[in-house]
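Asker: quick one: sequence plus predicted model below, questions after.
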Amino acid sequence: RKSIMSNYHSFSASVQGASHVKKKIVMQDASGNFEDEKVKLIALSDGHGDSSCFRSDRGSKLIVDVGIAELKAFAEEMDGKEYELDDEKSREIRVRQLIRRILANWNIEVEKDLENNPVSEEEYKICSDETIRQTYKNGIKQNGIYGATFIAVLLTNTYVLALHQGDGRCLMIDRNGAVTYPIPWDERCQGRNTTSVCNSDAAESTRYYYVRLNEQNRPAAFFVASDGIEDSYRTLELSQCFYKDLCEKLVMEGKEETTKWLLNEQLYKVSSIGSGDDMSVAGVFDIEALKESLKQKGYKLTPQRRSILDIIIEKEGMHLTVEEIYAIADKYADAARRAQMAGFDAVEVHGAHGYLIGAFASPFSNKRSDEYGGTIRNRARFAMEIIENIKEKCGKDYPVLYRMSAVEYVPGGLEIEESKILARLVEEAGAD
């Protein structure tokens with residue numbers, strides 16, 4: 001009898017981000033997959049890349065390799081004993097033991113790398129924080145040099161287990177086409193902040209998702225992705241366009257062609273028009289179930305269909321109305337007032353990294369022809385109105401900071417000369 005697991009396949013793909021190519025920064029993402037007749041495995045990691053994690057490109061590779069090896073061992077260990085995972089207390093013990101083994105073995109591999117490749121003085125100079133640099137030199141918390149996130153999914157005939165430390169996303173599509181994010185989110189992962197496999201509480205703070213499988217709840221697909229993909233879209237919901245294109249490609253052209261498409265075209269395209277960050281995605285999927293889930297959602301499968309991403313890029317009619325802009329600017333001020341009432345000494349307006357305020361300021365993304373588009377003053381108008389509204393509701397003496405991207409590193413994006421003007425304009429509006 002044909003095994004149900006033979007219907008599932010896996011893939012993984014990572015590419016260097018557009019801004020990293022331009023800046024000649026090594027790719028810090030890593031991904032991998034494994035499959036045999038009993039299990040399908042995917043894993044992914046995003047190296048932190050800040051100056052104190054100057055070997056995060058190695059750290060991400062190590063955690064992916066260790067994670068896959070340990071999850072394979074776990075599946076073998078639990079083969080025939082899956083009932084032990086049905087009891088919540090027993091499952092918690094088993095899964096936490098697995099997480100500790102993954103982290104312990106990652107730390108062992110980090111120590112081996114440090115022994116075989118001692119940190120040079122030039123590498124230490126990369127770390128801009130003198131206190132952290134001296135801590136590393138004293139041999140303390142050196143695993144921080146390799147800091148990275150980790151996401152993995154283990155699919156067997158009887159259960160799914162997914163692990164997550166840090167940011168990025170794990171997405172599940174069921175056979176009716178419903179999309180969910182099954183792993184609990186860590187609220188510490190906001191903006192540029194994330195947790196890490198190098199944290200002292202990593203074993204306790206790693207989140208997981210487990211479900212016992214039956215004929216009714218078998219997934220059509222699981223995908224894991226680094227935050228570079230989500231950050232390339234305005235909202236989490238819009239980022240699902242990426243997965244819809246990916247699903248159609250898998251159904252129409254299969255795993256091998258889809259992987260080539262991701263590596264040679266799509267991931268770099270998303271990075272170029274979006275976050276500029278490294279891009280990684282991995283998936284495990286059932287082609288027939290995926291096809292059915294797309295049909296359930298009314299998604300017509302046609303050869304050479306233009307991707308949703310291409311349509312979004314070329315679509316120029318999807319603008320906020322002026323009334324909507326006024327309302328959003330007012331809501332920012334309301335939020336600032338709530339922060340002030342809660343006791344915060346200041347607020348920061350986030351006008352960087354491709355989010356809404358930054359998208360208005362950027363000539364790359366702002367194609368409007370009204371008073372909110374065109375010249376730099378017009379493109380800065382939204383940010384200025386937000387700041388003015390905050391000052392009106394919170395008082396002129398209440399500090400308002402403004403975060404901005406000085407250079408976007410995309411063709412037609414913000415450059416330093418316009419950013420100097422933008423800085424003066426937000427200061428004119430009241431930014432401190």
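Answerer: Good, I have the coordinates.

Asker: can you pull out the strands in the stretch 201-350 of the chain?
Answerer: Remark: strands assigned in the stretch 201-350 of the chain by DSSP state E, counting those that start in this stretch are 207-212, 221-225, 279-286, 347-351.

Asker: which of the ones you listed is buried the deepest?
Answerer: A comparison of the strands of the stretch 201-350 of the chain by mean neighbour count, using mean count of other C-beta atoms under 10 Å, puts strand 279-286 on top with a mean of 28. Every residue, glycine included, has its C-beta placed from N, CA and C.

Asker: show me what that strand is packed against.
Answerer: Secondary structure elements in contact with strand 279-286, counted by 3 or more C-beta pairs under 8 Å, 6 or more residues apart in numbering; DSSP states H and E, are strand 8-15, strand 29-35, strand 39-46, strand 221-225, helix 227-230, helix 240-261, helix 267-273.

Asker: pLDDT on it, on average?
Answerer: In this model, strand 279-286 carries a mean pLDDT of 97.

Asker: select, out of the strands of the stretch 201-350 of the chain, the one closest to K255.
Answerer: Across the strands of the stretch 201-350 of the chain, the minimum distance to K255, taken as C-beta to C-beta, is reached by strand 279-286, at 8.3 Å.

Asker: backbone dihedrals for the closest residue to D113 other than its chain neighbours, please?
Answerer: Spatial nearest neighbour of D113, excluding adjacent residues (C-beta to C-beta, 6 or more residues apart in numbering): R58 at 6.0 Å. The phi and psi values for R58, taken as degrees, to the nearest 10, are phi -70, psi -40.

Asker: distance of R58 from S120?
Answerer: With the distance defined as C-beta to C-beta, to the nearest Å, R58 ends up 14 Å from S120.

Asker: who has more neighbours, those two?
Answerer: Per other C-beta atoms under 10 Å, whichever of R58 and S120 has more neighbours is R58, with 21 against 9.

Asker: residues in contact with that one?
Answerer: Counting by C-beta atoms under 8 Å, 6 or more residues apart in numbering, R58 touches 47, 113, 146.

Asker: all helices for the stretch 51-200 of the chain, in order.
Answerer: For the stretch 51-200 of the chain, the helices defined by DSSP state H, counting those that start in this stretch occupy 56-78, 88-116, 121-126, 130-137.

Asker: what's in contact with the third one?
Answerer: Contacts of helix 121-126 from elsewhere in the structure, counted by C-beta under 8 Å, 6+ apart, are 51, 54-55, 133, 136-137.

Asker: at 6 Å instead, please
Answerer: Under the criterion C-beta atoms under 6 Å, 6 or more residues apart in numbering, residues 51, 54, 133 lie in contact with helix 121-126.

Asker: sketch out the low-pLDDT regions of the stretch 201-350 of the chain for me.
Answerer: 234, 297-318 (pLDDT under 70).

Asker: let's see it at 80
Answerer: Residue ranges of the stretch 201-350 of the chain with pLDDT under 80: 233-235, 238, 295-319.

Asker: as JSON lines, the helices and strands packed on strand 279-286 with distance to V21 would be great.
Answerer: Listed next are those as JSON lines, based on distance: least, C-beta to C-beta, whole Å:
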{"stretch": "strand 8-15", "distance to V21": "9"}
{"stretch": "strand 29-35", "distance to V21": "13"}
{"stretch": "strand 39-46", "distance to V21": "17"}
{"stretch": "strand 221-225", "distance to V21": "19"}
{"stretch": "helix 227-230", "distance to V21": "13"}
{"stretch": "helix 240-261", "distance to V21": "19"}
{"stretch": "helix 267-273", "distance to V21": "8"}
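
Asker: buried deepest among those, which one?
Answerer: By mean count of other C-beta under 10 Å, the helices and strands packed on strand 279-286 have strand 39-46 as the most buried, with a mean of 28.

Asker: how close does the spatially closest residue to A221 that is not a sequence neighbour sit to L114?
Answerer: Spatially, and ignoring its direct neighbours in sequence, A221 is nearest to F285 (3.8 Å; C-beta to C-beta, 6+ apart). From F285 over to L114 the distance is 38 Å, taken as C-beta to C-beta.

Asker: I'm done for today, thanks for sticking with me.
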